[in-house]
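J.: Give me a 3D structure for the following:
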Amino acid sequence: MQPQRFDISKAPVPPLRAEPRLAAQGGGAGHIQGVQATSGGLIRSTLLAGGGALAILVLFWLPAEYGLDPTGVGGMLGLTEMGDIKSQLAAEAAAQDAAAAQDAAAGQAVAVPVAASSDVTARLDRIDAQLAQIAAVIGADLVTASAAPAAAAPAPVEPAPAAVAEPVVPVPEETAPAATVDARTAPAWRDELVFTLAPTEGKEIKLVMAAGEVASFEWVADGGGVNYSQHGDDGGAQEVRFEDGRASPGQDGTMTAPFAGKHGWFWRNRGDAPVTVTLRVGGQYAEMIEVQ
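T.: Residues are numbered from 1 along each chain as shown. Take a look at the predicted model:
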């Protein structure tokens, strides 16, 4: 048997490569068909996009940025509270910038603002007057006591104890009226509240007052100064702002309600350590509440 030899001319012909699918369709046209835009389709798409943007604006953006919630959805999602906090932070920053600009214009270093009331000023004036009277009495007694021993006896040592002891007697007599005045003018507090603010924490306390009612107040910050805003509103269109302060250790005075509503304070601790605030209020108001 003769061995078989491979003859390439007798080799099977390989199948031809399949033509591309694209060439088989419509003389090579692409399989992705374009959609011709019409004016009606463009208007419809524009209206749909605008409606979606408006819904996002009203339902989410306005409550989260400015606390405006006309639909109530922002309150259910917690976005309105976020917007209120942002508005309060912006108001505090604006107050700080305005105070810093005033200090720079006056050429003075930034100091801690302390609200001076008429009661405190009058009390300081009375204390100054009483100190002047005490100094006058002590000075007169010293002159009389030192002159008498010099004329009566040659020994200067004997009258020395009497000259030192005599001026002590008028001191309690002169300071007694000051204590009486303070006790008489001190307001009677109806409510007292003590709370602690952690760094960056805020709290709002208000008095429910009728129009024309007057409430006396005093609050003190222990552990550092706090930023505060004293304001009021009627829950609608009426708002009033009494006083703002930053890094303040305290405030006292009276507050008159220009209209019926809730009037009080908002505090925020901008320091690095906790601050304890003690608030005392008295006078004319229905109740003291915490605004959440």
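J.: Can you name the next helix or strand after the least confident helix or strand in the chain by mean pLDDT?
T.: In the chain, no helix or strand scores lower on mean pLDDT, DSSP states H and E than helix 170-185, which sits at a mean of 44. Past helix 170-185, further along toward the C-terminus, the next helix or strand under DSSP states H and E is strand 191-197.
J.: buried stuff in that next one?
T.: By 16 or more other C-beta atoms under 10 Å, the buried positions in strand 191-197 come out as L197. For every residue, glycine as well, the C-beta is placed using N, CA and C.
J.: what do you get for stretch 214-221?
T.: For stretch 214-221, the neighbour count (16+ other C-beta under 10 Å) marks 215-219, 221 as buried.
J.: Tell me which entries of the residues you listed lie within helices.
T.: Among these, none falls in helices (DSSP state H).
J.: What residues does D244 make contact with?
T.: Contact analysis of D244 by C-beta atoms under 8 Å, 6 or more residues apart in numbering lists 95, 228-230.
J.: just L279 next, same as before
T.: Listed by C-beta under 8 Å, 6+ apart, the contact set of L279 reads 192-195, 205, 217-219, 265.
J.: Please identify which of the residues you listed is nearest to R241.
T.: W265 (11.4 Å; C-beta to C-beta).
J.: Can you tell me the element the closest one falls in?
T.: W265 belongs to strand 261-268, assigned by DSSP H and E.
J.: show me where pLDDT drops low in the stretch 1-150 of the chain?
T.: 1-6, 13, 15-35, 107-124, 127, 130-131, 133-150 (pLDDT under 70).
J.: Going along the chain, name the helices of it.
T.: Listed in chain order, the helices of the stretch 1-150 of the chain (DSSP state H, counting those that start in this stretch) span residues 21-24, 39-56, 62-66, 73-77, 79-106, 118-152.
J.: buried stuff in stretch 74-84?
T.: 74, 79-81, 83.
J.: go on, stretch 57-71?
T.: Buried residues in stretch 57-71, counting neighbours by 16+ other C-beta under 10 Å, are found at 58-59, 62-64, 67, 69.
J.: with those residues in mind, which one is nearest to R246?
T.: Among the buried residues of stretch 57-71, G67 lies closest to R246 (C-beta to C-beta), at 22.1 Å.
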